[in-house]
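# Got a sequence here, can you model it:
(one chain, ligands or ions: 1)
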Amino acid sequence: MMIEARGLVRTFKTKRGPVHAVQGVDLNVADGEIVGFLGPNGAGKTTTMRMLATLIKPTSGSATVAGCDLAEDPVGVRRRIGYVPQSGSTLPEAIAGDEVVDHARLYGVDKRKAIADGERLFEELDLPGLWRRQCKTLSGGQRRRLDIVMGLIHDPKLIFLDEPTTGLDPQARANLWEHIRQLRRGGATVFLTTHYLDEADALCDRILVIDHGRIVAAGKPEELKQQVSGDGVRLSLADASQAPGVTKIVAELPGAVAVETDGDVVAFRIPKGGSVLPSLLRSIDAQGIELHGVEVHRPTLDDVFLTMTGRSLRDDSETPAPAEEEKEAVA
Ligand SMILES: Nc1ncnc2c1ncn2[C@@H]1O[C@H](COP(=O)(O)OP(=O)(O)OP(=O)(O)O)[C@@H](O)[C@H]1O
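Coordinates of the predicted model:
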């Protein structure tokens with residue numbers, strides 16, 4: 001096992017009282033896996049990752065990371081891991097290649113080897129000809145790949161990536177996913193945090209979902225989706241004022257759960273969504289209510305999150321909405 005953590009807790013003391021950022025996390029990451037840590041803002045992803053990377057001490061709990069005990073041998077852990085923070089770690093004015101070599105030398109890598117390995121990683125991560133460039137002149141995607149080179153230069157077995165693709169355009173994200181898959185092919189284990197459900201789905205062998213400092217779901221993306229009962233149905237109404245009438249009809253359908261209204265949309269979950277639609281549409285029509293559209297979809301990771309927490313984890317915005325703006329399920 002590359003990571004084995006038991007009962008990790010981290011409480012921050014603040015002027016306004018204690019913040020219970022991580023409240024008893026158990027997790028396992030096997031050798032060679034890409035594991036995604038998914039959750040909304042403030043769920044405790046970064047804090048958990050920083051504990052596992054020895055950057056902050058757990059308030060309680062224990063872990064073995066890359067074969068070393070976190071509390072007994074943090075230096076051993078640090079030598080065997082790479083950590084790429086959310087904000088990156090390169091200085092804007094610095095020369096890209098110099099940053100990489102300096103970073104490698106912190107880990108005791110000799111200069112000649114650092115240059116050779118760095119130049120090879122620049123090729124592998126699609127940064128050809130950029131060794132002498134100032135970091136600030138690189139594009140967002142290039143800078144993120146440079147951050148990853150910094151995390152890899154001492155040849156770690158385990159690499160932590162905190163939100164590796166936040167702020168990148170879709171093409172740069174897809175490109176970075178491919179590089180992350182390549183790391184695994186090279187034998188590394190990857191543990192990453194993300195807000196993006198599609199990223200977790202496409203890239204990760206296994207997903208851990210965290211909310212309010214606790215793991216609420218764990219498994220392969222497909223397994224998690226199978227836990228959600230039924231398909232999602234969304235009805236778009238011509239007139240939002242008719243939502244209560246539609247909600248009432250939907251609530252009476254046998255097997256309908258998670259009925260939710262948001263303006264002119266009524267959404268719910270139901271087994272065999274496609275086959276209940278004809279009679280549902282007849283009932284809605286019989287009430288004289290006009291629909292603009294109907295969608296039925298197989299369970300997504302967002303549905304998993306909704307089922308586990310009663311809240312939606314949106315994947316369509318750069319910055320997820322604050323908690324008070326999140327949709328509430330209608331009882
Ligand atoms: N140094 C700190 N002092 C006080 N509170 C902190 C500190 N670091 C994190 N927190 C709080 O702990 C909670 C968890 O934060 P954390 O950064 O781990 O969440 P996250 O899931 O990584 O969120 P994001 O997706 O926004 O990065 C939040 O309420 C945050 O405000």
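# Around the ligand, pick out the residues from this protein.
12, 14, 19, 21, 39, 41, 42, 43, 44, 45, 46, 47 (C-beta under 6 Å from any ligand atom). No exception for glycine: its C-beta is placed from N, CA and C like everyone else's.
# Among those residues, which ones are in helices?
If you go by DSSP state H, the residues of the chain next to the ligand have 45, 46, 47 in helices.
# Tabulate the residues you listed (CSV), appending neighbour count and pLDDT.
Formatted as CSV, those follow (neighbours: other C-beta atoms under 10 Å; pLDDT from 0 to 100):
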residue, neighbour count, pLDDT
45, 26, 94
46, 19, 94
47, 23, 96
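# separation between the residue of the chain positioned farthest from its centre and the ligand?
Ranked by distance from the centre of the chain (C-alpha atoms, centre = their mean), the top residue is residue 286, with 43.9 Å. Distance of residue 286 to the ligand, given as C-beta to the nearest ligand atom, to the nearest Å: 46 Å.
# Check residue 182 too.
In terms of C-beta to the nearest ligand atom, residue 182 sits 25 Å off from the ligand.
# tell me, how many neighbours does the closest residue to residue 162 other than its chain neighbours end up with?
Excluding the flanking residues, the one nearest residue 162 by C-beta to C-beta, 6 or more residues apart in numbering is residue 86, at 4.4 Å. Counted by other C-beta atoms under 10 Å, the residues lying close to residue 86 total 15.
# now do residue 189
There are 23 residues near residue 189, going by other C-beta under 10 Å.
# what do you get for residue 137?
11.
# how close does it get to the ligand?
27 Å.
# Please report phi then psi for that residue.
phi -90, psi 0 (degrees, to the nearest 10).
# What is the subsequent helix or strand relative to the longest helix seen in the chain?
If you go by DSSP H, the chain has its longest helix at helix 170-185. Sequence-wise, the next helix or strand downstream of helix 170-185 (DSSP states H and E) is strand 189-194.
# Show me what that following strand is in contact with.
2-3, 29-39, 45-46, 49, 52, 157-166, 180, 183-184, 200, 203-204 (C-beta atoms under 8 Å, 6 or more residues apart in numbering).
# Please apply the same query to stretch 152-162.
2-3, 29, 31, 45-46, 49, 52-53, 65-66, 79-86, 100, 103-104, 107-109, 114, 117-118, 121, 148, 151, 180, 183, 187-193.
# Check the average confidence over that stretch, would you?
Stretch 152-162 comes out with an average pLDDT of 92.
# could I get it in PDB with only the CA atoms?
The C-alpha trace of stretch 152-162 is given here as PDB (Å, rounded to 0.1, in the frame of the first residue of the first chain):
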ATOM      1  CA  LEU A 152       9.000  14.800 -10.300                       C
ATOM      2  CA  ILE A 153      12.700  15.900 -10.500                       C
ATOM      3  CA  HIS A 154      13.800  13.700  -7.600                       C
ATOM      4  CA  ASP A 155      12.100  10.600  -8.900                       C
ATOM      5  CA  PRO A 156       9.400  10.200  -6.300                       C
ATOM      6  CA  LYS A 157       7.300   7.000  -6.000                       C
ATOM      7  CA  LEU A 158       4.300   9.000  -5.000                       C
ATOM      8  CA  ILE A 159       3.200  12.300  -6.300                       C
ATOM      9  CA  PHE A 160       0.600  14.600  -4.700                       C
ATOM     10  CA  LEU A 161      -1.100  17.100  -7.100                       C
ATOM     11  CA  ASP A 162      -3.300  19.700  -5.500                       C
END
